[in-house]
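Asks: my questions are about this predicted structure, shown below with the sequence.
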Amino acid sequence: MEKIKRTYLQSEIIEAVTQYIEKNGLSPGSRLPSQAEMTRILGVSRTSLREAFKTLEARNVIEVVNGKGVYVKDRHSDVVISNIELKNQKEILLELLDVRLAIEQEIIRLVVDKASDEELEEVQKILDVIVDKYKRGILHIPEDREFHHLLYKACHNKLLLDVISFIGKTFNLIWENPLGMGDFLATTIPMHEEMFAHIKARDAKRAQTVNEKMICYIIRHAKKMYKNG
């Protein structure tokens, strides 16, 4: 494998690791080289590699076993989605955003109706971390995903949770590709705060309005990036 020159492009690291698994015919249960060896092979930092491993583990491609190493879990589970051709990504991404908006509107209604105060407090805690990192200019991707996961879980509808989780995984796989999106999603954090404030106040209509505003903002930015790309 060739060394990766831009050490923080997670999509490149993820692709390189996936290709390594495929090219070496590693089956579920096979052990990857040590993290030290992988950083040497790829020419990336340990921090960047760990972040890539977290994403691959979330996709069920690998399993990180503390003290033992990194193992292939299911090399076919998300490879198909990962290999979506770039030319199809615009259409798929925009359609996913439309579906996400429709489902999140219903999730918000259910969360307002069914979530306990304790569940909402858990969401608030992770949102506080996100806002703090946002103000300090620190990346908050893991926390943002946890925020949405806890919020979705609080709707108490397993089928909706499964559907939105699948959409979220596919959305992230596409979004992680280097399409010039940048870190503009950080600018939606104030909208996250506003939306959740309405949810805590049990005002579904206002929360849905802010959520729609936020998703439409992302759609407009995505169209702009693709047009300029």
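Replies: Nice, thanks for sending it over. What you are looking at is a predicted structure, and each value in this text was computed from that prediction instead of being measured.
Asks: now the helix or strand residue 217 falls within: buried residues?
Replies: Here residue 217, judged by DSSP states H and E, is contained in helix 204-228. Residues of helix 204-228 classed as buried: 204, 206-211, 214-215, 218-219, 221-222, 225-226 (neighbour count, 16 or more other C-beta atoms under 10 Å). Bear in mind the C-beta positions are built from the backbone N, C-alpha and C, glycine included.
Asks: just checking, what packs against that helix?
Replies: Here helix 204-228 touches helix 86-114, helix 189-200, going by 3 or more C-beta pairs under 8 Å, 6 or more residues apart in numbering; DSSP states H and E.
Asks: and the ones you listed: which comes nearest residue 120?
Replies: With C-beta to C-beta, the closest approach to residue 120 among the helices and strands packed on helix 204-228 belongs to helix 189-200: 5.5 Å.
Asks: before we move on, back to that, residues making contact with the helix holding residue 217?
Replies: The contact list for helix 204-228 (C-beta atoms under 8 Å, 6 or more residues apart in numbering) reads 90, 93-94, 97-98, 100-101, 104-105, 108-109, 112-113, 179-181, 184-185, 188, 191-192, 194-196, 198-199.
Asks: I'd say residue 34 and residue 69 touch.
Replies: Yes. The pair residue 34 / residue 69 is scored as a contact, 6.7 Å apart, by C-beta atoms under 8 Å.
Asks: domains in the chain, as residue ranges please.
Replies: 10-79, 86-228 (automatic domain parsing).
Asks: from the chain's centre, how far out does the longest one sit?
Replies: With C-alpha atoms, centre = their mean, to the nearest Å as the basis, domain 86-228 stands 10 Å off its chain's centre.
Asks: what's the weakest-modelled helix or strand in the protein?
Replies: helix 79-82 (a mean of 45; mean pLDDT, DSSP states H and E).
Asks: measure how buried residue 95 is and give me the count.
Replies: Using other C-beta atoms under 10 Å, the number of residues around residue 95 comes to 10.
Asks: likewise residue 187?
Replies: Counted with other C-beta under 10 Å, residue 187 comes out at 12.
Asks: next one: the one 3 residues further on
Replies: Other residues within reach of residue 190, judged by other C-beta under 10 Å, total 13.
Asks: pLDDT score for it?
Replies: As predicted, residue 190 sits at a pLDDT of 94.
Asks: same question, residue 3
Replies: Looking at residue 3, its pLDDT stands at 50.
Asks: ok, residue 139 next?
Replies: pLDDT recorded at residue 139 is 73.
Asks: helix, strand or coil for it?
Replies: Secondary structure, DSSP: H, G, I helix; E, B strand; the rest coil: residue 139 is coil.
Asks: these two touch, right, it and residue 133?
Replies: Yes. With contact taken as C-beta under 8 Å, residue 139 and residue 133 are classed as touching, separated by 7.2 Å.
Asks: more neighbours: which of those two?
Replies: Between residue 139 and residue 133, counted using other C-beta under 10 Å, residue 133 has the larger neighbour count: 17 against 13.
Asks: sticking with the more buried one, tell me its helix or strand.
Replies: Here residue 133 is assigned to helix 117-135, by DSSP H and E.
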